[in-house]
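Visitor: coordinates only, no sequence provided:
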């Protein structure tokens, strides 16, 4: 017996999503290296490898350690780590048993990294800013950083970017995908101009991946959210309600006309809410309902006048806005509950809170 | 050695904050029953009891179970639980060793509760909506719900509210505190009118508590955030930077003029951001800096032109917008690190993810 709220996975939808993106990667001839921060589970990583992924992407050393311990030994940490002595020791330990790729986006960062790890330990990619303006160098500076990394003793194998500005309404997705291709092409040329062959040219992202596959520039894609999808992806037009493979099972605890309060709050679905979102998540079985308020243990939902409003105590499945932060809030995912007859499988979240 | 990002507590500030609110409760003659969801640690709950708290407030049965197991046996679950059979069994088990108070805000909810627990197990308070419009009945309906709960066999001892609409700019705090007092007074009268003495009249909340103490209406206050404070409380005018007792220690991983990126993202400081907030959190040592962007492992900070911008690899302490969701993201809090000479104490977060 699991009391609400909790997160459930539908593996029929999950496997369909994995297959679709795996097929797309094969069709366009790019490597698929999915971002494992989304799910943080051994079982799902295994299914990704089985559906054609060449390895995993992670965000932190801690995530890399968790997946390496689970047997996944081809890992790309897509983050411009400032490699302290302690982080250096952790990376060297990881590199003994894993093929490890790291990111640099500054000369100082590359030199610090080179003081801790060597070309026999890791491969290095230069992070490029394709328009999100978070981390990464402008494409025109990629050659300079790559040369500094090489001159410090590192093995530079390419460039990567995350087109996070594709998370937006209107043409944001296709615009960002175009900028991603242009930035990686420019950065690759800059590496060549300093004598480095950019054999890996790696890009994002669930919202942009359908636009970026055929350019001939990218050699690798790193989508994260696509196994589960979420309310953001619905509202960006990336998927439909029928594609969503993870929901929060919640109970109605308050009911007042067409307004109900559910026990799925920000401590289970996460508080992410971009300005363009219609609310704090969506309701799986009622596309016209809106989550108009969210606190730690309350989601306030307004149902349309035409809807049948669920009764007190009824079960409602909520789609988180951002599935990556929802998964990080639980110790396990309940799997195929509806089909299990009360004996649902559970997938442990192995890298929960692995922020460093 | 702890790698960034991680959460640290300053116990000098913490104890000062505990003392101040403890003193205020004594001065105004109300019971202090702090909300333990904020910190979820045995050590802090012990300090709250030692500074005068009569018991603890919690949000979920799981939090109550965690604190009961840690020896705290006077617990108020301020949530209108829909008491399923399984939740009923958990409540009865809790009630064997703890004084337990529960919340109702509907006749159906009270009857469901009464099917699972009896007046020998628990005491019951009616939740009143004082203007937040989340859960709770309008004050005028409190007598009706209280009478139904009594008639179902429950022991109704009073009324409570959470004036969450006090989280707002301008006069929101004092306005909400006034409405809180008025709502509890009206609800108490309605209980008396059905022959129930409302001996407990319990109110919120860190932002409103300074306005609500002297009315003679409230017998109890339940602030949560006050041990640590956070960026929301700074921006509401409740506290200053010097009062903040919990921060996220982070590293600069990217630097571009007056813009830096820190490794403290939404997976350690939380994604809470009310519309009136100036950003996604604040920087402890630079009040004029603003966190203009936040993703899972990145905080994008803009420093003022006059500021000394921290170098790559430097340590920056970030104040979360909402400390309750930040604490729920980690397994332990690092205590008094600066004074510990490398041997900091750690407080386990005992009810992390205890959402049900």
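Guide: Looks like it came in fine. What you see is a predicted model, and the numbers here were worked out from it, not measured in a lab.
Visitor: which ones are touching the nearest residue to residue A:332 once chain neighbours are set aside?
Guide: Distances taken as C-beta to C-beta, 6 or more residues apart in numbering or on different chains put residue A:346 closest to residue A:332, at 4.5 Å, once the chain neighbours are dropped. Backbone N, C-alpha and C define where each C-beta goes, glycine included. Applying C-beta atoms under 8 Å, 6 or more residues apart in numbering or on different chains, we find residue A:346 in contact with A:332, A:333, A:334, A:335.
Visitor: where do the strands sit along the stretch 151-300 of chain A?
Guide: A:156-161, A:200-203, A:220-221, A:246-256, A:259-262, A:281-283, A:290-295, A:298-302 (DSSP state E, counting those that start in this stretch).
Visitor: out of the ones you listed, nearest to chain B?
Guide: strand A:246-256 (4.4 Å; C-beta to the nearest C-beta).
Visitor: tally of neighbours for the residue nearest to residue A:271 when sequence neighbours are not counted?
Guide: Distances taken as C-beta to C-beta, 6+ apart put residue B:271 closest to residue A:271, at 4.2 Å, once the chain neighbours are dropped. When counting by other C-beta atoms under 10 Å in any protein chain shown, one arrives at 22 neighbours for residue B:271.
Visitor: using a markdown table, lay out the strands of the stretch 151-300 of chain A together with distance to residue B:229 and mean pLDDT.
Guide: Below are those laid out as a markdown table (distance: least, C-beta to C-beta, whole Å; pLDDT from 0 to 100):
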| stretch | distance to residue B:229 | mean pLDDT |
| --- | --- | --- |
| strand A:156-161 | 38 | 98 |
| strand A:200-203 | 42 | 97 |
| strand A:220-221 | 43 | 96 |
| strand A:246-256 | 29 | 98 |
| strand A:259-262 | 28 | 98 |
| strand A:281-283 | 28 | 98 |
| strand A:290-295 | 18 | 98 |
| strand A:298-302 | 23 | 98 |
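Visitor: follow-up on the earlier one: state the pair within the contacts of residue A:346 that is farthest apart.
Guide: Spatial extent of the contacts of residue A:346 (C-beta to C-beta) is set by the pair A:332 and A:335 at 9.1 Å.
Visitor: what sits in contact with each of the two?
Guide: In terms of C-beta under 8 Å, 6+ apart, residue A:332 and residue A:335 are both contacted by the residues A:346, A:347.
Visitor: who are the contact partners of the residue lying closest to residue A:52 once chain neighbours are set aside?
Guide: Nearest non-adjacent residue to residue A:52, counting by C-beta to C-beta, 6+ apart: residue A:22, 4.0 Å away. Shown in contact with residue A:22 (C-beta under 8 Å, 6+ apart): A:32, A:51, A:52, A:53.
Visitor: what ranges do the helices span in the stretch 51-200 of chain A?
Guide: With DSSP state H, counting those that start in this stretch as the criterion, the stretch 51-200 of chain A has helices at A:61-69, A:85-95, A:107-116, A:142-151, A:172-193.
Visitor: so can I have TSV of the ones you listed showing mean neighbour count?
Guide: As requested, the helices of the stretch 51-200 of chain A are arranged in TSV below (neighbours: other C-beta atoms under 10 Å in any protein chain shown):
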stretch	mean neighbour count
helix A:61-69	22
helix A:85-95	17
helix A:107-116	20
helix A:142-151	23
helix A:172-193	22
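Visitor: of these, which is nearest residue B:204?
Guide: helix A:61-69 (36.6 Å).
Visitor: about what we covered before: residues contacting the residue nearest to residue A:271?
Guide: So residue B:271 contacts A:266, A:270, A:271, A:272, A:273, A:322, A:325, B:280, B:294, B:325 (C-beta under 8 Å, 6+ apart).
Visitor: residue A:131 and residue B:257: what is the separation?
Guide: Residue A:131 sits 18 Å away from residue B:257, going by C-beta to C-beta, to the nearest Å.
Visitor: more neighbours, those two?
Guide: residue A:131 (19 against 9).
Visitor: who touches the residue in the stretch 101-250 of chain A positioned nearest to chain B in this structure?
Guide: Relative to chain B, the nearest point of the stretch 101-250 of chain A is residue A:135 (4.4 Å; C-beta to the nearest C-beta). Counting by C-beta under 8 Å, 6+ apart, residue A:135 makes contact with A:79, A:80, A:105, A:127, A:129, B:253, B:254, B:261, B:298.
Visitor: nearest to residue B:218 among these?
Guide: residue B:298 (42.8 Å).
Visitor: quick one: residues contacting the closest one.
Guide: With C-beta under 8 Å, 6+ apart, residue B:298 has these contacts: A:134, A:135, B:253, B:261, B:262, B:263, B:265.
Visitor: as a markdown table, those residues with distance to residue B:114 would be great.
Guide: A markdown table is the format used below for these (distance: C-beta to C-beta, whole Å):
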| residue | distance to residue B:114 |
| --- | --- |
| A:134 | 54 |
| A:135 | 56 |
| B:253 | 56 |
| B:261 | 54 |
| B:262 | 51 |
| B:263 | 51 |
| B:265 | 46 |
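Visitor: so is stretch A:110-121 next to chain B?
Guide: Yes - applying C-beta under 8 Å from any C-beta of the partner chain, one finds stretch A:110-121 in contact with chain B at residue A:112.
Visitor: where are the low-confidence patches of chain A?
Guide: A:213 (pLDDT under 70).
Visitor: centroid residue for it?
Guide: The centre of chain A sits closest to residue A:224, judged by C-alpha atoms, centre = their mean, with a distance of 3.0 Å.
Visitor: list the residues that contact that residue.
Guide: Going by C-beta under 8 Å, 6+ apart, residue A:224 touches A:34, A:35, A:36, A:37, A:38, A:57, A:205, A:206, A:324.
Visitor: okay, now the nearest residue to the third one once chain neighbours are set aside: neighbour count?
Guide: Just to be clear, that refers to residue A:36. Leaving out its chain neighbours, the residue that sits closest to residue A:36 by C-beta to C-beta, 6+ apart is residue A:56, at 4.5 Å. As a burial measure, residue A:56 scores 25 neighbours (other C-beta under 10 Å).
Visitor: which residues touch residue A:56?
Guide: Contacts of residue A:56 by C-beta under 8 Å, 6+ apart are A:33, A:34, A:35, A:36, A:45, A:48, A:67, A:72, A:74, A:75, A:76.
Visitor: closest to chain B among these?
Guide: residue A:35 (10.1 Å).
Visitor: tell me the bridge partners for the closest one.
Guide: residue A:57 (DSSP bridges).
Visitor: that one touches residue A:58, doesn't it?
Guide: Yes - here residue A:35 lies in contact with residue A:58, judged by C-beta atoms under 8 Å, at a distance of 7.4 Å.
Visitor: any common contacting residues for these two?
Guide: Common contacts of residue A:35 and residue A:58 (C-beta under 8 Å, 6+ apart): residue A:78.
Visitor: sorry, back to before: list just the nearest of the contacts of residue A:135 to residue A:285.
Guide: Distances from residue A:285 to the contacts of residue A:135, taken by C-beta to C-beta, are shortest for residue B:298, at 34.6 Å.
Visitor: chain B contacts on the stretch 201-350 of chain A?
Guide: A:251-255, A:261, A:263, A:265-268, A:270-273, A:293, A:295-298, A:300, A:312-313, A:322, A:324-325, A:328-331.
Visitor: now, of these, which are buried?
Guide: A:251-255, A:261, A:263, A:265-268, A:270-273, A:293, A:295-298, A:300, A:312-313, A:322, A:324-325, A:328-330 (16 or more other C-beta atoms under 10 Å in any protein chain shown).
Visitor: and the helix or strand hosting residue A:17, which residues are buried?
Guide: Using DSSP states H and E, residue A:17 sits in helix A:11-28. Buried residues in helix A:11-28, counting neighbours by 16+ other C-beta under 10 Å, are found at A:11, A:13, A:14, A:17, A:18, A:21, A:22, A:24, A:25, A:28.
Visitor: and the angle from it to strand A:246-256?
Guide: In terms of direction (axes from the mean of the first three to the mean of the last three C-alpha atoms, to 10 degrees), helix A:11-28 departs from strand A:246-256 by 130 degrees.
Visitor: can you name the next helix or strand after helix A:11-28?
Guide: strand A:31-32.
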